[in-house]
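**Student:** Give me a 3D structure for the following:
(chains A, B and C)
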Amino acid sequence: MEGDLLTTTSEALGAAPPGHIASPNRRRKGRSDLRTALLFIAPSALGFLVFYLYPAIRGFYFSLTSYNLLGTPTWVGFDNFVKIPHDPMFWNALQVTVEYVVLNIGFQTVIAVGLAVLMQRLTQSTLLRGALLLPWLVSNVIAALVWFWLLDYQIGIVNQFLRWLGVHPIAFFADNLWAIPTIAAVNVWRYMGYTALLVFAGIQTIPKQLYEAAAIDGSTEWKSFWRITLPLLRPVLAMVLVLTVTGSFQVFDTVAVTTRGGPVNVTRVYQYYIYQKAFTEGQFGYASALAVVLFLILAALAALQMRLLRAGESDLA
Amino acid sequence: MIQFTRRAALSAVALGGLAACGNGSGTSSVVQTAIDTSKASGEISYWLWDNNQQPAYQQCADDFHAANPNITVKITQYAWADYWNNITNAFVSGTAPDVFTDHLAKYPDFIKQNQLQPLDATLAKDGVKTDIYQKGLADLWVGPDGARYGLPKDFDTTALFYNKQLIQAAGVSAAQLQDLTWNPSDGGSYEKMIAHVTVDVNGKRGDEPGFDKTRVKVYGLGLDGAPDNYGQTTWSMYTGTTGWTFTDKNPWGTHYNYDKPEFQNTIAWMRSLIEKGYMPSVQSVTGANSGDIFGAGKYAMITNGSWMIGQMFGYKGVEVGLAPTPIGPNGKRSSMYNGLADAVWVGSKNKPAAIKWVEYLGSAAAQDVVGKRGVVFPAIPSATQNAQAAFKAKSVDVNSFLIQVQDGTTFLFPITDHAATIGASMSAAIQAVLTGQAQPSSLTAANQQVNALFG
Amino acid sequence: MSTLILPPATVPTRRHRRATPGRVFAWVALIVAVLVSLFPFLWVLRTAFSTSRSLASAPSSLLPVDFTLGAFERVLGLSTHAQAVAQGGSGASMNFWLYLRNSVIYAGSVTIGQVFFCAMAAYAFARLRWPGRNLVFGIFLGALLVPPIFTQLPNFILVKDLGLINTFGGMILPGFFMTPFAVFFLRQFFLGLNHEVEESASLDGAGPWRTFFQIVLPMSTAPVTTLAILTFITTWNDYLWPLLVGNTEGTKVLTVALGIFQSQTPGGSPDWAGLMAAALVAAAPVLVLFFAFARRILDSIGYTGTK
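**Tutor:** Just a heads-up that it's a prediction; the model follows:
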């Protein structure tokens, strides 16, 4: 889930690469390639229709029913949707997840950009870049389990270190204050190197002359970063954000393998709540309604961010 | 599927009487036709989750095949983490196994969803007696409609595991741990013991002045994860001694008693233990494995279930002892009594063979085999004794677990509808009290919500 | 011809590499990031070489506790039940090479299908002109937002209705044709392709098919390879779907098979050493792939398709 969506960010580098001059398309003026195109997209379209669209439509249908997976669905109209705003667990899940997304994406993006700039200015070493990418290569579940052991209150090495420093140990995964930031941090760990590499590639597209000109004019590294790098990275960043935010909202594995939503709902993220309703409590119809709400939220967010993208079209002349 | 033919109806009425004798809970309202298992043949699939028990069951399968050469049993094992998800998906997709290990927490939902095959008629026809098991176990597997949906397989109880070295270092003898008393107001000699074996980083014990409850090195009593609404290994062994019951009747009650003072005072007592520093906080143990922490020497004692014996005794450098749970206000001990059974899927394509396999698993022949491996306590008393001997051979004295059965101080795992929904909301409410975010009286409101589900 | 190797960063000649505080700080930050990335792997390694039942006795030691190769033996299926239990590990049987083969078949097939079909679709979205092109592309992208809970069960039921449970066909089916990411990824690249080559091809009389197969694809080996590797890695690490659909010995993939090292009983702990060894072994092919293609991936992971 998260992995899939985050690996999609490479496209982020804008629709038209800066500096590329499109030569006029001399062939097929006015003639549509419709038939060829249809043949080309046929297999993908088949996959899309059968494995994405159809299940999605079926999912929308289930959200209008009461269904426990083993019987037959009973039509209830919009009852599920009416129930949702009155469900305190829904608001809890939403709040917990939003907090998670803000922390996760906030830190991940800042760190990724920072790392990208460092890689740009300091070193081109494949080894270092490979080291940063390593966390992304293991599965979500293993990452969660390893960090859970490392951060365990009683036997984890991090808390041993804290005790040695004279600081109170922290129940990282379960404390009211620390739980969500910890889960966010684990996922930042997992994806920061990968995201950094994507941003790094975006930085590569910025013409070196700009930096050189700025340096001649007496600009410091810091200033160049704010005045050149960041603005020109905007389209890249915006695209990266759309996809990482979507993936982040769907966080699940880390929670499922460690705290399972507890204690007292402090880590009951939205996707986990959906699964709990669907499979543990047998309320598949209600869970589907929750999923539809998530879909709408994500679509709205994506649309919003796409608008920002358009506003942030490349500032290169 | 239950077929209704005139002949079936007549035989069902006739068998109703026999079925009643077998399970003692009255005539079944489910119309059943007995399935002829005499000519059973073919292959059937069997699912279980504990891979420590797989060799035992493989042997049972081999023995069964030797006795019934026409039937082959194919065993598949899934980790507990995946088991129920797989079962549910298999039900939905129609690929469920013929026979599978069923659990009391899940089986009410399965009955409601019509996924389990009623067995009474066939069992009666084959002359299988259901009164040969440890007391109370067989009744658990009779549904609200009076039909039987499983034959008992094994059972478990809870006891106190303790770290022998830590106990000795505290100057406590094993004998002193065998007769502790408890009450919800001051914890009795149980709490005094817990305090005495708690040690902070400066070496001060919990009952000495200067004990620093914020820097505890060894907790007197550990906590097996964030307690849930059953409290099987965390609090039910205490409430069971106060005369408190989960529901108005069990199985198939419709009214929960989480609003009673006995329950709320027990939870309040546990919270006081945490506040005094004798027990770890809920946050520090959520998701963690209590066995591993015990094995790291952080707990002097911990209440846990008999299925954990293998793991608890397997930690290097830790010598483990067992003591029964403390005696409470009613003058007796108490332990939750859980049992597993083997169930047949209603959609099985080979019910004769499936039911024959279940009958075999429920028989002394199979259970003796399982007992001799010393991993669990089989449901048939003679097999339980085999298990006790097998444990003894591994230097584990399981008397602390079995004494509850012998003295009749066990109570059954509560079985009601809406188990999962109740579990979710009630567990959160209990955890809120234990973490200090809510008062014990808040459990009354939570209880009302739970009872509202039953309409 | 667009080059696909990004130019090395050039340092403005005016600046020389002296250890300014800023530079030192920057290096420290980078080193910290690398250490934080790698530290858990040290942990995985150390645990994989330990004896499971001894782990609790030294929970924060940085070195293996009671060094043993037992965990790897369990993972590779070289250990007997008795040996495994003696170490406190999971005693289930592991037909390792068979599961490895299954993983290769599964990940390989999905990768081949996905990359090929998505390349075709991406070309249609990027290079061919037809009405509604952008709208359809937008809808394809919408698939990114579909919650997994919607797709998992219906896909499972569909596969079952087709009679493909416990077959490779069933496992491969959903991912074989497309994922929104793959289409997106390649479309961006194709958008940046130099038109001239295609034009000269069309002048030579080549139709879109020939242009695609004989010119465009060969030009795109870097991003296509990158996509292939990314897809392979993601599919290799798949757990939930193969668990649902592939449960027989002949179809169980490595990640599913290694699930036996998880906790077996409620409240039981996983076979930690076995689990960590399993994680390493399952990731090993991916790591090998990665380092073999490191330069290629790292340079073109965010290819822009231009210089």
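
**Student:** show me where the stretch 51-200 of chain A has helices.
**Tutor:** A:54-62, A:79-83, A:88-121, A:126-137, A:140-150, A:157-165, A:179-204 (DSSP state H, counting those that start in this stretch).

**Student:** Mind listing what's buried along the fifth one?
**Tutor:** Residues of helix A:140-150 classed as buried: A:Asn140, A:Val141, A:Ile142, A:Ala143, A:Ala144, A:Leu145, A:Val146, A:Trp147, A:Phe148, A:Trp149, A:Leu150 (neighbour count, 16 or more other C-beta atoms under 10 Å in any protein chain shown). Where you see a C-beta, it was placed from the backbone N, CA and C, and this is true even at glycine.

**Student:** for stretch B:382-400, same thing?
**Tutor:** Those would be B:Ala383, B:Thr384, B:Asn386, B:Ala387, B:Gln388, B:Ala390, B:Phe391, B:Val396, B:Val398, B:Asn399, B:Ser400, for stretch B:382-400 by 16+ other C-beta under 10 Å.

**Student:** Please identify the helix or strand for the fourth one.
**Tutor:** Secondary-structure element containing B:Ala387, defined by DSSP states H and E: helix B:381-393.

**Student:** Distance from the chain centre to that helix, please.
**Tutor:** 19 Å (C-alpha atoms, centre = their mean, to the nearest Å).

**Student:** what does that helix rub up against?
**Tutor:** B:133-134, B:309, B:364, B:367-368, B:370-378, B:397-399, B:402, B:405 (C-beta atoms under 8 Å, 6 or more residues apart in numbering or on different chains).

**Student:** Can you narrow the buried residues of helix A:140-150 down to the ones near chain C?
**Tutor:** Applying C-beta under 8 Å from any C-beta of the partner chain, the subset of those adjacent to chain C comprises A:Asn140, A:Val141, A:Ile142, A:Ala143, A:Leu145, A:Val146, A:Trp147, A:Trp149, A:Leu150.

**Student:** The helix holding B:Ala387: what's the following helix or strand?
**Tutor:** Following helix B:381-393 in sequence, per DSSP H and E, is helix B:399-407.

**Student:** which ones are touching the nearest residue to A:Glu99 once chain neighbours are set aside?
**Tutor:** Take A:Glu99 and drop its neighbours on the chain: the residue closest to it by C-beta to C-beta, 6 or more residues apart in numbering or on different chains is A:Ile180, 5.1 Å away. Counting by C-beta under 8 Å, 6+ apart, A:Ile180 touches A:Val96, A:Glu99, A:Tyr100, A:Leu103, A:Val266, A:Thr267.

**Student:** So for the first one, what's the nearest residue that isn't a sequence neighbour?
**Tutor:** Leaving out its chain neighbours, the residue that sits closest to A:Val96 by C-beta to C-beta, 6+ apart is A:Val269, at 5.5 Å.

**Student:** Check the burial of the nearest residue to A:Gly71 once chain neighbours are set aside by counting its neighbours.
**Tutor:** Leaving out its chain neighbours, the residue that sits closest to A:Gly71 by C-beta to C-beta, 6+ apart is B:Gln113, at 6.7 Å. Neighbourhood size, B:Gln113 [other C-beta atoms under 10 Å in any protein chain shown]: 17.

**Student:** does B:Gln113 really touch B:Val92, like I thought?
**Tutor:** No - the pair B:Gln113 / B:Val92 is not scored as a contact, 9.9 Å apart, by C-beta atoms under 8 Å.

**Student:** that older thread, where's the residue nearest to A:Glu99 relative to A:Gln95, distance?
**Tutor:** From A:Ile180 over to A:Gln95 the distance is 10 Å, taken as C-beta to C-beta, to the nearest Å.

**Student:** cool, B:Asn338 as well?
**Tutor:** 36 Å.

**Student:** circling back to that earlier point, what is the nearest of the buried residues of stretch B:382-400 to B:Leu119?
**Tutor:** Comparing the buried residues of stretch B:382-400 against B:Leu119 with C-beta to C-beta places B:Ala383 closest, at 20.2 Å.
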